[in-house]
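**Q** quick check, what structure comes out for this input:
(one chain, ligands or ions: 2)
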Amino acid sequence: MNQYRRILVVDDDLAMREMLTSMFNEEGYAATSACSADEAIEISKDQEYDAVLSDIKMPGKSGIELVAALRELRPETPVVLMTAFGSIDSAVEAMRSGALDYVTKPFEPEVVLVAMERALERRALEQENRQLRRALDQTSQLGDLIGTSPAMREIFALVRRVAHNRSSVLITGGSGTGKEVVARTIHFHGSRADKPFVPINCTAIPEGLLESELFGHVRGAFTGAHASKRGLFEQASGGTIFLDEIGDMPPGLQSKLLRVLQDREIRPVGGTHTIPVDVRVIAATNKELREEIDRGAFREDLYYRLNVIPIHIPPLAERPEDVPPLVEAFLARHSDGEPRTVSSEAMKALCAAEWKGNGRELENLIERALALTDRPELQVEDLPLEGAAESAAGGIAERLHSCAVRRLTLEELQDLYIDEVMALHNGNKVHAAAALGIDRKTLYRRAERRAKREAQQSSEAAATGGSPAQA
Ligand SMILES: Nc1ncnc2c1ncn2[C@@H]1O[C@H](COP(=O)(O)OP(=O)(O)OP(=O)(O)O)[C@@H](O)[C@H]1O
Ligand SMILES: [Mg+2]
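**A** Ligands and ions are numbered 1, 2, ... in the order given. Reported below is the predicted structural model:
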């Protein structure tokens, strides 16, 4: 494999040149020689060498000057210099000049070979690093996390860095910015990936049940506790617990959580013993926790415990570069079969939209647009762009009025109301379902049924030559 590695030998001494070139060639390298720095520079203009071995003292330009010239011309090529025995000065000068290494004359052939081998290895490593870095810079995805904006790239780097330790992470950002996606990516890129990732939404569970949900309970701890039950912290053992909407955790539980984080052990409700737990805690909130602290709703000491590594996701509107890769990903995720596309006009419109509900709103919109038309390339008019966000402003009454040409079915009326509630909650299905008093699965099932119904209506309308049903 050495034959692919090119070495340039530079020395004014013919015997030395020939000795070195033939030695390298025998070792399987492709060695070429030059008798002066100027000649070396000339041939380096046409040919890139993997490493250069040069004498320092030569008539004309010295080896040191050659190093300087090559750093301009071929910054990636390492240079090893040959210095005269006992000349400490030139050795020091050699290293200062930017040469990678030096060997002292006279030398054993072995010493030169090893020095060149090291130089070549170093170059290979640097090339590899550069390639990796380039590949990383170009990817717009880390796990399920998508984005190319500087802010997102910074988050990618942070996620990679923290994935392998156990420090608590606090993820902040508006609704739908992808906080849970970030949490999952941290978990699945770290050493805990094969252990459980346990998410819990602090608002979705009644206050009275949250403690036993988190820490478990012993039999008879309270009415109805017929058997003891392991809490989520125990279930997450060795893995990660994701405390979503931490800003809404009741104060009483905040102090219990603080104790768990400090002591790394839990006490089940009604229990007398504590159980050690090894769990990484990732918390998320779309509240300004500082404000919550100021008004006494959130414990400052808990905040500091959780906020060891803060990750803030800015609103999507502040990072429009992320819209195209997100659109691509959502199209792939929600198209049946071959992913459909959007026209460049449509993409422009998407990049310019406000996205109050951030990535989630964008995803919901793409999903709906795909259900509403069969076109392989979605056009601007296929995008229910003023849909979610503005239907809240328009209100249900107005939309009912505009539908007055025919009576709505009960199902359609419900859909209208669901739209309104969804918009009020920025497309957050958990919150919307809670507000509607149904569970999230019911909401999903309804959405699926509706997409099917609307798709059918629009294909029927297309078949009868009428205009497609309006959403
Ligand atoms: N940067 C992103 N990369 C990939 N998916 C994203 C991104 N941003 C948003 N999403 C999508 O948006 C949806 C919402 O993401 P997620 O649940 O993580 O948001 P969130 O910040 O936790 O929102 P909330 O505060 O409302 O709970 C997900 O379906 C996810 O696929
Ligand atoms: Mg969330």
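
**Q** tell me the residues of the stretch 301-450 of the chain that contact ligand 1?
**A** Proximity of the stretch 301-450 of the chain to ligand 1, by Cβ under 6 Å from any ligand atom, involves residues 326, 359-360, 363, 428. (Glycine included, C-beta is placed from N, CA and C.)

**Q** at 8 Å what do you get?
**A** Contact residues, the stretch 301-450 of the chain versus ligand 1 (Cβ under 8 Å from any ligand atom): 313, 316, 322, 326, 329-330, 333, 357-360, 362-363, 425-428, 430-431.

**Q** same question for the stretch 51-200 of the chain.
**A** Within the stretch 51-200 of the chain, the residues that sit near ligand 1 (Cβ under 8 Å from any ligand atom) are 144-147, 152, 171, 173-184.

**Q** so where's the protein uncertain?
**A** 1-3, 135-138, 386-407, 464-471 (pLDDT under 70).

**Q** outline the domain layout of it.
**A** Using automatic domain parsing, the domains assigned to the chain come out as 2-135, 141-314, 317-463.

**Q** using a markdown table, lay out those domains together with mean neighbour count.
**A** Below are these laid out as a markdown table (neighbours: other Cβ atoms under 10 Å):
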| stretch | mean neighbour count |
| --- | --- |
| domain 2-135 | 17 |
| domain 141-314 | 18 |
| domain 317-463 | 16 |
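
**Q** returning to that earlier point: mind checking which of the residues of the stretch 301-450 of the chain next to ligand 1 are in strands?
**A** Among those, DSSP state E puts residue 313 in strands.

**Q** tell me who's in contact with the closest residue to ligand 1 within the stretch 151-300 of the chain.
**A** In the stretch 151-300 of the chain, no residue comes nearer to ligand 1 than residue 178, which is 2.9 Å away by Cβ to the nearest ligand atom. For residue 178, the contacting residues are 145, 313, 358-359, by Cβ atoms under 8 Å, 6 or more residues apart in numbering.

**Q** wait, which of those is closest to ligand 1?
**A** Nearest to ligand 1 among those is residue 359, at 2.1 Å by Cβ to the nearest ligand atom.

**Q** which residues are contacting stretch 198-211?
**A** 180, 183, 213-214, 232, 235-236, 239-246, 248-250, 252-253, 256, 269, 430-431, 434.

**Q** quick one: which of these sit in strands?
**A** In strands, judged by DSSP E, the following of the contacts of stretch 198-211 are found: 240-244.

**Q** over to the residue of the stretch 151-300 of the chain closest to ligand 1: give its phi and psi.
**A** phi 100, psi 30 (degrees, to the nearest 10).

**Q** mind checking which of the residues of the stretch 51-200 of the chain next to ligand 1 land in helices?
**A** Of those, the ones assigned to helices by DSSP state H are 152, 179-184.

**Q** okay, the residues you listed in CSV with distance to residue 13 next?
**A** Converted to CSV, these look like this (distance: Cβ to Cβ, whole Å):
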residue, distance to residue 13
152, 57
179, 67
180, 69
181, 64
182, 62
183, 65
184, 64
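
**Q** how far is stretch 338-346 from where the chain is centred?
**A** Offset of stretch 338-346 from its chain centre (Cα atoms, centre = their mean, to the nearest Å): 24 Å.

**Q** quote the end-to-end distance of that stretch.
**A** Using Cα to Cα, to the nearest Å, the end-to-end distance of stretch 338-346 comes out at 19 Å.

**Q** cool, stretch 303-320 as well?
**A** For stretch 303-320, the first-to-last residue distance is 31 Å (Cα to Cα).

**Q** quick check: bridge partners of the closest residue to residue 49 other than its chain neighbours?
**A** Leaving aside its chain neighbours, residue 49 sits nearest to residue 8 (4.3 Å; criterion: Cβ to Cβ, 6 or more residues apart in numbering). Beta-bridge partners recorded for residue 8 (DSSP bridges): residue 32, residue 52.
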